[in-house]
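J.: Here's a sequence, model it:
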Amino acid sequence: MKSIKKNIATIELVVFGLFFLILFILKGPGIYPDSQTYIIMQSGREPVYPVFLALLRAVFGWLPGIRGIDGYLWVACFLQGLMAFASCIAITRTIRRHFELSEGWEGLVALCTLLPYVMTPVASISHMILQNSILTEGICFPVYAIFQCALVDALFEQDMDRKIKLYLGTSVICFLLVLIRNQMLVALAIWGFVVICDYIRHKKPVGILVLMLGVVIFFGGKWLGYKAYNQAVDTGFSGANSGSYNLLTTLMYLSDEEDINLLSDEYDRTLFERMYGRIAENGLGHANAPEGILDRAYHFEDSYDVIGFDIQQEVLFNAATRHAGEDSRTTYVMEKADVFVKALFPAMIPRFIGNYLVTVVSGLERSVSMKGEILSIYAWILWAVGIVLFIWLLFGDGIKEGIQTRETWLLGMAIISILINTGAISLLIMCLSRYMVYNTALFYIAVVLAIRKQLDRRN
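T.: Numbers count the residues shown, from 1 in each chain. Next up, the predicted model:
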């Protein structure tokens, strides 16, 4: 038996290693519109990834370029692939440790860990290879996987003192995640939800103290990290939040021509007119969206980056160049975004809610499957299967038994993680595959283990 398990572990290492190595050799670093903002350490960005690239540039900047891409970016790409490899191994080992998997089930779990790295290249328009991308996703995905492993370890730990330490350690990973990518605020919400549920299950008041301390660590560290980075790279900007700027992109998508009247300042009206005119001219606004929930969501998805990068960024930063000093351009743009959002949002709440709901539907689909008519049907069947399995696990042998079953907690954690991520992302931005597949592997693994549990019950 030990020999078989050792062979399975070796096969996993070889398969994972070949998968990431082949993609590294064939594709190399992926450069995307956002990549340059990290390479030049643009202010307003999350701090960890620009610093990561800067350190590699300092150490490996002498390396010659390959295929027109700087040598140090190849080093970054290789290290990101190595991190992805390690995270897939970590998830597989964590699940095996807590669920006593046979060789066949372990192999299936191992394959599930590769799903995010397969779905995004296949599903996205850019065919992005996550671990090769010179974007925050390159390191955020593997760190998030480690966060999931730590959270599972804490959830199933029986010793309360060790459980507390594991939960606090996981809150530190949350803090690191949000310094890598702002989207990872969802990690804190997921962590808090699991802590509260675990506290209710064990009826230990110390859980509330852990929750409070974890929140302090998270928000205090986030504020300090962003402030330090932004002051270092832009002496005129010390802010840490681009939420208003992203929300403005959504509001410009939802705008109608008469919304210019919501702005009182004449120059703000001029800026709105410039942005709206180009949006309308190119058919990028909500008025040009087709019928159908998913088609509307896809239109918003296709328009969002064009509005944000090609129109909004150009118009607002050009205005900043004329009206603010070089060191204050970013501050000017963020403040102007705040002004626009405060003026436009109250009148657009009904439109915003409608757009939010169709985006959530798209996000739930993208979290477990890919874009496409048949794949969309598959996604909703899979969601139905997952929910039915969860209800069966929880109530099949009585709720007292169900609430003690590890498969119940893992599937519940996976479902809640997807719901939290989808709900949060849809508030500010569109639900691209690369934003949504953070919890895909965990969901599939949890469904696989729930099916195994049902099969065991029948036998």
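
J.: so where do the helices sit in the stretch 101-250 of the chain?
T.: 103-112, 115-123, 137-156, 160-180, 185-202, 206-233, 243-254 (DSSP state H, counting those that start in this stretch).

J.: can you tell me the average pLDDT over the first one?
T.: What it means is helix 103-112. Mean pLDDT, helix 103-112: 92.

J.: Return the set of buried residues in that helix.
T.: Under the neighbour-count criterion of 16 or more other CB atoms under 10 Å, helix 103-112 has 105-112 buried. Quick note: C-beta positions are derived from backbone N, CA and C, even for glycine.

J.: Surely residue 248 and residue 312 touch.
T.: Yes: in this structure, residue 248 is within contact of residue 312 by CB atoms under 8 Å, at 6.6 Å.

J.: Show me which of the buried residues of helix 103-112 is closest to residue 437.
T.: The nearest member of the buried residues of helix 103-112 to residue 437, counting by CB to CB, is residue 112 at 11.9 Å.

J.: Now the closest one: closest residue in space that isn't a chain neighbour?
T.: Spatially, and ignoring its direct neighbours in sequence, residue 112 is nearest to residue 444 (4.3 Å; CB to CB, 6 or more residues apart in numbering).

J.: In the stretch 301-450 of the chain, where is pLDDT below threshold?
T.: In the predicted model, the stretch 301-450 of the chain carries pLDDT under 70 at residues 324-327.

J.: hey, where'd the helices end up in it?
T.: 313-323, 329-368, 373-395, 399-402, 406-428, 433-436, 440-458.

J.: residues contacting the residue most central in space within the chain?
T.: Nearest to the geometric centre of the chain sits residue 435, at 4.3 Å (CA atoms, centre = their mean). The contact partners of residue 435, by CB atoms under 8 Å, 6 or more residues apart in numbering, come to 183, 363, 366, 421, 425, 429.

J.: Return the distance of it relative to residue 425.
T.: For residue 435, the distance to residue 425 (CB to CB, to the nearest Å) stands at 5 Å.

J.: cool, and residue 283?
T.: 24 Å.

J.: and what of residue 402?
T.: With CB to CB as the criterion, residue 402 and residue 425 are 30 Å apart.

J.: Compare neighbour counts for these two and give me the winner.
T.: residue 425 (22 against 18; other CB atoms under 10 Å).

J.: Break this structure into its domains for me.
T.: 2-234+369-458, 243-346 (automatic domain parsing).

J.: Mind putting those into TSV with distance to residue 358?
T.: Formatted as TSV, the domains of the chain follow (distance: least, CB to CB, whole Å):
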stretch	distance to residue 358
domain 2-234+369-458	9
domain 243-346	5
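
J.: Show the contacting residues for the residue nearest to residue 77 when sequence neighbours are not counted.
T.: Leaving aside its chain neighbours, residue 77 sits nearest to residue 29 (4.2 Å; criterion: CB to CB, 6+ apart). Contact analysis of residue 29 by CB under 8 Å, 6+ apart lists 69, 73-74, 76-77, 132-134.

J.: how near is residue 29 to residue 438?
T.: Distance from residue 29 to residue 438, by CB to CB: 22 Å.

J.: go on, residue 81?
T.: Using CB to CB, we find residue 81 at a distance of 18 Å from residue 438.

J.: hmm, back to that, would you mind listing the residues touching both of residue 435 and residue 425?
T.: 183, 363.

J.: Got phi/psi on residue 114?
T.: phi -90, psi -10 (degrees, to the nearest 10).

J.: so who does it touch?
T.: Contacts for residue 114 (CB under 8 Å, 6+ apart) come out as 16, 19, 88, 441.

J.: Next step: those residues restricted to helices.
T.: Using DSSP state H, the subset of the contacts of residue 114 located in helices is 16, 19, 88, 441.

J.: Between those residues, which sits nearest residue 320?
T.: Nearest to residue 320 among the ones in helices among the contacts of residue 114, with distances taken as CB to CB, is residue 441, at 41.4 Å.

J.: I'd assumed residue 91 was in contact with that closest one.
T.: Yes: assessed by CB under 8 Å, residue 441 is found in contact with residue 91 at 6.5 Å.

J.: what touches both of the two?
T.: With contacts defined as CB under 8 Å, 6+ apart, the residues shared by residue 441 and residue 91 are 113, 145.

J.: Same drill for those two, tell me which one is more crowded.
T.: The residue with more neighbours, out of residue 441 and residue 91, is residue 441; 27 against 23, by other CB under 10 Å.

J.: The more buried one: what's it in contact with?
T.: Counting by CB under 8 Å, 6+ apart, the residues that residue 441 touches are 91, 112-116, 145.

J.: for residue 99, same thing?
T.: 406-407, 449.

J.: run the last query once more with 10 Å
T.: 105-106, 109, 152, 156, 406-407, 410, 445, 449, 452-453 (CB atoms under 10 Å, 6 or more residues apart in numbering).

J.: From those residues, keep the buried residues only.
T.: 105-106, 109, 152, 156, 407, 410, 445, 449, 452-453.

J.: For the contacts of residue 29, which two are the farthest from each other?
T.: Going by CB to CB, the pair spanning those furthest: 74 and 133, at 13.1 Å.

J.: Between the two, which is the more surrounded one?
T.: residue 133 (25 against 21).

J.: Could you find the closest non-adjacent residue to the more buried one?
T.: Nearest residue to residue 133, sequence neighbours excluded (CB to CB, 6+ apart): residue 30, at 4.3 Å.

J.: give me the low-pLDDT residue ranges for the stretch 1-150 of the chain?
T.: 1-6, 44, 123-125.

J.: hmm, back to that, please say which of residue 81 and residue 438 ends up with more neighbours.
T.: residue 438 (28 against 25).

J.: Find the residue closest to the more buried one in space, skipping its chain neighbours.
T.: Using CB to CB, 6+ apart, the closest residue to residue 438 is residue 144 (5.4 Å).

J.: just residue 413 next, same as before
T.: Leaving aside its sequence neighbours, residue 413 sits nearest to residue 194 (CB to CB, 6+ apart; 6.2 Å).

J.: For residue 54, state which of the buried ones among the contacts of residue 99 is nearest.
T.: residue 152 (33.3 Å).

J.: List the contacts of residue 250.
T.: So residue 250 contacts 286, 300, 303-304, 307-308, 341, 345, 348, 351-352, 355-356, 359, 426-430 (CB under 10 Å, 6+ apart).

J.: And it, how far from residue 304?
T.: The value you get for residue 250 to residue 304, if CB to CB is used, is 7 Å.

J.: shared neighbours, these two?
T.: Counting by CB under 10 Å, 6+ apart, the residues touching both residue 250 and residue 304 are 359, 429-430.

J.: how many neighbours does the closest residue to residue 256 other than its chain neighbours have?
T.: Distances taken as CB to CB, 6+ apart place residue 287 nearest to residue 256, at 6.9 Å, with adjacent residues excluded. Residues near residue 287, counting by other CB under 10 Å, number 13.
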